[in-house]
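[1] attaching a predicted model along with its sequence, questions to come.
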Amino acid sequence: MQLFDVYSLYDVTPVKARGCTIWDDEGREYLDLYGGHAVISVGHSHPHYVASLKEQIDKIGFYSNSVRNPLQEELAYKLGRLSGYDDYSLFLDNSGAESNENALKLASFHTGKDRVIAFEKSFHGRTSGAVAVTANPKIQSPFNTGHKVTFCPLNDICSVEREVGRGDVAAVIVEGIQGCGGINMPTEEFMRALEELCRRHAVVLILDEVQSGFGRTGKFFAHQWYGIRPDIITTAKGMGNGFPVGGVLISPEFKAVKSMLGTTFGGNYLAMAAAIAVVDIIGEARLMDNVRMVGDYLLHNIPLTDDVKEVRGRGLMIGIEHKRPIADKRRRLLFDKHIFTGVAGQNMIRLLPPLVLDLEQAENFVQAFAEV
């Protein structure tokens, strides 16, 4: 049997990592400015994170959600305190796509309606409902196109208002910052107007913070920069620092019904040990302060060369947009200098490093970028 060949692979085999540094099987050292798609939040192989998983696996690794798991309750308490959402409920699952699926289902249960508004250039996952609200025809099979979804331009509140006015909308789903779509930033004016519009029409506002959450932008969730409070928040990626875990934060207005949602692996003991360690480290090490400091340095010091149109983002979620389709070429030149980065489309390099990135490492990237 061979692997299903759907990934474009770089010719490197990582075997060890710590902090923001990766070593391959030939001992070469790389600076990680991509964090495995924004997954590595507190750094590779953080000692407290590693110790927590080792300690837990010696006790119990898995049982189903038919029994009480105190680690789930501990995570809910600590996550509520650190995020500012201690009055919300937490449903645990395994990934960002699954979190968005459950959020959409909750909204439909809650309102009794079945249409959703999403946004152009959005990305919400690769499972059926998540793909349906993702504005990328390359990943939509005919099976995914039967959902009632309307795509509006980001930051165009008039477009959303026209659709919501039809009276059949269950939810609006929007990313705190559009990641895969190209680090596209919602404006504060738009997000505040969107919140007010949803409240006025009893439409559920879902904030997808899968990529932009868990301290990535310098606040716990990106939408907190806009001063809004959504009905449902979805998260994953940085939540487990590499261990698969996702979650849905749910407003007190939603009432749980037995068997309404469910999952086999969600909230398992190892996932909870990983997520609790992440929350502890983010809080105790004040990583969001570091994100704001280092992110500000990058945003103001990445050189605007003749090929660079704009550097934008927030915290350690940064896009370098090029005037021509050369981003992948430049990414490969950076890889030749032993720096991992990401891309979005043909024109943008994406930086999504671990939140422990320091100023010296950021300076090294700025110099390398100028050289390529």
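    Nice, I can see it. Just so it is clear, the model here is predicted, and its values are computed rather than measured.

[2] quick one: pLDDT of Gly345?
    pLDDT recorded at Gly345 is 81.

[3] that one touches Ala327, doesn't it?
    Yes: using Cβ atoms under 8 Å, Gly345 is in contact with Ala327, at 7.3 Å. In this view, the C-beta of every residue, glycine as well, is placed from N, C-alpha and C.

[4] between these two, which one's more packed in?
    Each of Gly345 and Ala327 has its neighbours counted (other Cβ atoms under 10 Å); Ala327 has more, 23 against 16.

[5] was I right about the more buried one contacting Leu351?
    No: here Ala327 lies out of contact with Leu351, judged by Cβ under 8 Å, at a distance of 12.0 Å.

[6] identify the contacts common to those two.
    In terms of Cβ atoms under 8 Å, 6 or more residues apart in numbering, Ala327 and Leu351 are both contacted by the residues Ile320.

[7] residues in contact with Leu33?
    Here Leu33 is in contact with 20, 339-341, 351-353, 357, 365 (Cβ under 8 Å, 6+ apart).

[8] how about it: what's its closest non-neighbour residue?
    Spatial nearest neighbour of Leu33, chain neighbours left out: Pro353 (4.4 Å); criterion: Cβ to Cβ, 6 or more residues apart in numbering.

[9] element containing the one you found?
    For Pro353, there is no host helix or strand (DSSP states H and E).

[10] may I ask you to confirm that it is in contact with Tyr34?
    Yes: taking contacts as Cβ under 8 Å, Pro353 lies within contact range of Tyr34: 6.9 Å.

[11] between those two, point out the one with more neighbours.
    Pro353 (29 against 21).

[12] identify the residues contacting that one.
    Pro353 sits in contact with 20, 32-35, 316, 361, where contact means Cβ under 8 Å, 6+ apart.

[13] closest to Gly238 out of the contacts of Leu33?
    Leu352 (9.2 Å; Cβ to Cβ).

[14] chain neighbours aside, what residue packs nearest to Glu98?
    Once flanking residues are discounted, Glu98 sits nearest to Gly246: 5.6 Å by Cβ to Cβ, 6+ apart.

[15] and the helices in the protein, which stretches?
    Here the chain has its helices, by DSSP state H, at 35-38, 47-57, 70-83, 96-111, 128-132, 157-164, 188-201, 269-284, 287-301, 327-336, 359-371.

[16] pick out the residue nearest the middle of the chain.
    Gln211 (1.2 Å; Cα atoms, centre = their mean).

[17] and the contacts of Leu33 as a markdown table, adding pLDDT and distance to Asp93?
    Listed next are those as a markdown table, based on pLDDT from 0 to 100; distance: Cβ to Cβ, whole Å:
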| residue | pLDDT | distance to Asp93 |
| --- | --- | --- |
| Cys20 | 98 | 28 |
| Ile339 | 98 | 33 |
| Phe340 | 98 | 28 |
| Thr341 | 97 | 29 |
| Leu351 | 98 | 28 |
| Leu352 | 98 | 22 |
| Pro353 | 98 | 26 |
| Leu357 | 98 | 28 |
| Phe365 | 98 | 34 |
